[in-house]
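[1] all I have is the shape, not the residue letters:
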Ligand SMILES: *[C@@H]1O[C@H](CO)[C@@H](O)[C@H](O)[C@H]1NC(C)=O
Ligand SMILES: *[C@@H]1O[C@H](CO)[C@@H](O)[C@H](O)[C@H]1NC(C)=O
């Protein structure tokens, strides 16, 4: 059955909802209620300022607090004494608990890696119309302490907002050297990530699978209207399944964030902001963004798509054999791709 699940990998479609405004309003009020209900696990962002605000002017402070006001709760357990080597921010649909659990139990677990550097995994989820999902995510957050829950809608077209809010939150609350933005269907090789980020020698870094001269589509799933974005070609950007920013880049970007001036393609949006901030996009090895055959390569930093738990296990096992955490397995090592017909 392997070939079937492998073939299916890229065929899943994200369904898109149009929500009536009345409904949006009722959800808005529900959100306020939830915020109060879950205040026991919310941290008061205003009072846990990591950066001296002197670097931000008043307009930015107002924008920043507007952006942060979309956080219903922040359950993240952090060590405030620590500067994390990397903070991994993962956009995850609230209903994808299975994917989050898979990550926590597999590549997200420190027991699988040899590095001693500190990293933090944060899942950024938003709401749906399903009240039960909200209760469940609150329970999950209480136990796992790795969820940032937002009062925006789970919608492909609102992923940009997730990224804006998550980066603003990280910049405000956590001390880190680098930030890796990923999705819940991305495999990540923590040892290689750490190796990569420790070698970064630029202040304003932005690394990943670089896409240049992409045409702004006006139709279909990736359509962006002229009102959203006037230009016909995107500035260079990195695929959103996994890219790395240095702390200085994040800091410069958040000064330009405005939730009212976004377009819906989240990775291209980050490229646009980087351009405005004077940050250069750098193509880097190991960012495998179109790996539908689930091929393992020793230098893998991130691999996407990674929806199939068996593909994930294959990549992890091969990584662990290479870092000495698992005994050698010649049969497995002879296999380059999980999807056997892919290589
Ligand atoms: C940013 O990262 C550098 C190392 O790459 C570190 O020395 C510095 O403390 C970090 N800044 C903040 C605000 O965390
Ligand atoms: C792995 O491949 C080599 C040749 O490349 C072969 O000699 C060996 O028998 C294979 N091992 C297994 C366990 O399949």
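    Arrived safely, thanks for sending. These numbers were taken from a predicted model, which means no experiment stands behind them. Numbers count the residues shown, from 1 in each chain. Ligands and ions are numbered 1, 2, ... in the order given.

[2] just give the nearest non-adjacent residue to the residue of the stretch 1-150 of the chain found nearest ligand 1, would you?
    Relative to ligand 1, the nearest point of the stretch 1-150 of the chain is residue 83 (5.2 Å; Cβ to the nearest ligand atom). All C-beta atoms are positioned from the backbone trio N, CA, C, and that covers glycine. Nearest residue to residue 83, sequence neighbours excluded (Cβ to Cβ, 6 or more residues apart in numbering): residue 175, at 4.4 Å.

[3] let me see the contact set for the one you found.
    50, 80, 82, 83, 84 (Cβ atoms under 8 Å, 6 or more residues apart in numbering).

[4] give me the buried entries from these.
    Buried members of the contacts of residue 175, scored by 16 or more other Cβ atoms under 10 Å, are residue 84.

[5] okay if I get the contacts of residue 175 as JSON lines plus distance to residue 103, pLDDT and secondary structure?
    Listed next are these as JSON lines, based on distance: Cβ to Cβ, whole Å; pLDDT from 0 to 100; DSSP: H, G, I helix; E, B strand; the rest coil:
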{"residue": "50", "distance to residue 103": "26", "pLDDT": "58", "secondary structure": "coil"}
{"residue": "80", "distance to residue 103": "24", "pLDDT": "92", "secondary structure": "coil"}
{"residue": "82", "distance to residue 103": "21", "pLDDT": "96", "secondary structure": "coil"}
{"residue": "83", "distance to residue 103": "23", "pLDDT": "98", "secondary structure": "strand"}
{"residue": "84", "distance to residue 103": "17", "pLDDT": "98", "secondary structure": "strand"}
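
[6] so can I have a markdown table of the contacts of residue 175 showing distance to residue 223?
    Below are those laid out as a markdown table (distance: Cβ to Cβ, whole Å):
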| residue | distance to residue 223 |
| --- | --- |
| 50 | 38 |
| 80 | 42 |
| 82 | 42 |
| 83 | 41 |
| 84 | 37 |
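
[7] now, among the contacts of residue 175, which is nearest to residue 165?
    residue 50 (16.4 Å; Cβ to Cβ).

[8] then residue 124 would be within a helix, right?
    No: per DSSP: H, G, I helix; E, B strand; the rest coil, residue 124 lies outside any helix segment and is strand.

[9] how near is the residue nearest to residue 83 to residue 185?
    Distance of residue 175 to residue 185, computed by Cβ to Cβ, to the nearest Å: 29 Å.

[10] repeat that for residue 104.
    Residue 104 is 15 Å from residue 185, by Cβ to Cβ.

[11] looking at these two, which is more packed in?
    Neighbour comparison, residue 104 and residue 185: the larger count goes to residue 185, with 24 against 14 (by other Cβ atoms under 10 Å).

[12] show the subsequent helix or strand relative to the lowest-mean-pLDDT helix or strand in the chain.
    Within the chain, confidence by mean pLDDT, DSSP states H and E is lowest for helix 21-37 among all helices and strands, at a mean of 43. Next along the chain after helix 21-37, taking DSSP states H and E as the criterion, comes helix 58-68.

[13] which of the residues in the next helix-or-strand element following that following helix are buried?
    Downstream of helix 58-68, the first helix or strand assigned by DSSP H and E is strand 71-74. By neighbour count on 16+ other Cβ under 10 Å, the buried set for strand 71-74 is 71, 72, 73, 74.

[14] and the furthest pair within those residues?
    Once Cβ to Cβ is applied, the buried residues of strand 71-74 give 72 and 74 as the farthest pair, at 8.7 Å.

[15] the chain: strands as residue ranges?
    71-74, 83-91, 119-127, 147-153, 175-183, 187-188, 206-208, 210-211, 237-238, 242-246, 282-283, 287-288, 302-303 (DSSP state E).

[16] dump those strands into JSON lines; add distance to residue 339 as well.
    Conversion of the strands of the chain to JSON lines gives the following (distance: least, Cβ to Cβ, whole Å):
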{"stretch": "strand 71-74", "distance to residue 339": "38"}
{"stretch": "strand 83-91", "distance to residue 339": "24"}
{"stretch": "strand 119-127", "distance to residue 339": "27"}
{"stretch": "strand 147-153", "distance to residue 339": "32"}
{"stretch": "strand 175-183", "distance to residue 339": "20"}
{"stretch": "strand 187-188", "distance to residue 339": "14"}
{"stretch": "strand 206-208", "distance to residue 339": "23"}
{"stretch": "strand 210-211", "distance to residue 339": "24"}
{"stretch": "strand 237-238", "distance to residue 339": "25"}
{"stretch": "strand 242-246", "distance to residue 339": "20"}
{"stretch": "strand 282-283", "distance to residue 339": "25"}
{"stretch": "strand 287-288", "distance to residue 339": "14"}
{"stretch": "strand 302-303", "distance to residue 339": "13"}
